[in-house]
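J.: Just to be clear, the model below is a prediction. Sequence and coordinates:
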Amino acid sequence: MRTLALLVLTAVSTACTPTSAPPQTVATVTRVIDGDTFDISGSRVRLIGINAPEHDECFGPEATTALGDMIEGTNVTLESGVQGYDQYGRVLAYVYLDGQFINELLVARGFALSQAYPPNTGHQEELGQAMTVARQQRAGMWAPGACGTSSEAVSILEINANPPGPDEDVLNEETVTLRASSTVDLSGWVLRDGSSSHRFHFPDGYTLEGEVTVHTGCGTNTESDLFWCADGPVWGNRGDTALIYDESGALVDAVTYPPK
């Protein structure tokens, strides 16, 4: 049995296995790792329903600092979802401190994206609403010039996340279409999904004038069609966010779509 040492309200440690995480407990935050991950005594915790930028991405360091300022050294309440642990053995939790929903607060202040990780989707609607408000208010990562030199010359026009047929068989029908309002050199630009696990780096020297469609599968690049050549589907059928960053690391555009 894998023992999870937690500080609970009664000061009694609670032992858990990966299939029987407690629905709610209180723990002391010993160290913040990044904008969505922290340590408690004996375990690492990953916040459910959000994804903060990585350390090397736009607003990654700021997200880490923000979470540290909120919870490091405090006693927080951990609420489990349907799945108690991820594939890395991290505790999956919604986190509360003094009545504040930390997952939602990070999204609302622009330090993280709302990102569904089924089956833990119990609070996804409110997290999605928080991200909508953050974008409208241009908070955190959504602020013009938050990282590098902001450019609004390129926008995400359309995402075809779930074309007809088995996902693995129609990779080139899974697409994202971008539009440039002027001629833009996309060398060093990155297109990625909301989880950060899939990233497409535009070819050096590629210049966009008009529209280009990025296909998930393999093929020969042209001016109007580029090919990711990913190992499998990139865009989640249960909803996802597509983001594009320029060569300076600035977030240029992002589009969130519902389940397809």
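T.: Right, received. Where do you want to start? Numbers count the residues shown, from 1 in each chain.
J.: Find the centremost residue of the chain, please.
T.: Taking Cα atoms, centre = their mean, the centroid of the chain lies closest to Asn51, which sits 3.1 Å from it.
J.: ok, that one - contacts?
T.: 36, 112-113, 115, 194-196 (Cβ atoms under 8 Å, 6 or more residues apart in numbering). For every residue, glycine as well, the C-beta is placed using N, CA and C.
J.: Ranking by neighbours, what's the top pick from these?
T.: With neighbours taken as other Cβ atoms under 10 Å, the top of the contacts of Asn51 is Ala112, carrying 30 neighbours.
J.: ok, now how distant is that one from Asp98?
T.: 19 Å (Cβ to Cβ, to the nearest Å).
J.: for Phe59, same thing?
T.: 25 Å.
J.: pLDDT added to the contacts of Asn51, as a markdown table?
T.: A markdown table is the format used below for the contacts of Asn51 (pLDDT from 0 to 100):
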| residue | pLDDT |
| --- | --- |
| Asp36 | 98 |
| Ala112 | 96 |
| Leu113 | 93 |
| Gln115 | 89 |
| Gly194 | 89 |
| Ser195 | 86 |
| Ser196 | 84 |
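J.: Generate a markdown table for those, with secondary structure as supplementary columns.
T.: Shown next, in a markdown table, are the contacts of Asn51 (DSSP: H, G, I helix; E, B strand; the rest coil):
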| residue | secondary structure |
| --- | --- |
| Asp36 | coil |
| Ala112 | coil |
| Leu113 | strand |
| Gln115 | coil |
| Gly194 | coil |
| Ser195 | coil |
| Ser196 | coil |
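J.: nearest to Ser224, of these?
T.: Closest to Ser224 out of the contacts of Asn51 is Gly194 (25.7 Å), distances taken as Cβ to Cβ.
J.: what sits against the closest one?
T.: Counting by Cβ under 8 Å, 6+ apart, Gly194 has contacts 51, 113, 115, 236, 240-243, 256.
J.: Give the closest residue to it in space, chain neighbours not counted.
T.: By the measure of Cβ to Cβ, 6 or more residues apart in numbering, the closest residue to Gly194 outside its immediate chain neighbours is Thr241, 3.6 Å from it.
J.: Show me the beta-bridge partners of that neighbour.
T.: Thr256 (DSSP bridges).
J.: How far off centre is stretch 187-203?
T.: 13 Å (Cα atoms, centre = their mean, to the nearest Å).
J.: Okay, buried residues for it please.
T.: By neighbour count with 16 or more other Cβ atoms under 10 Å, stretch 187-203 contains the buried residues 189-194, 196, 198, 200, 202.
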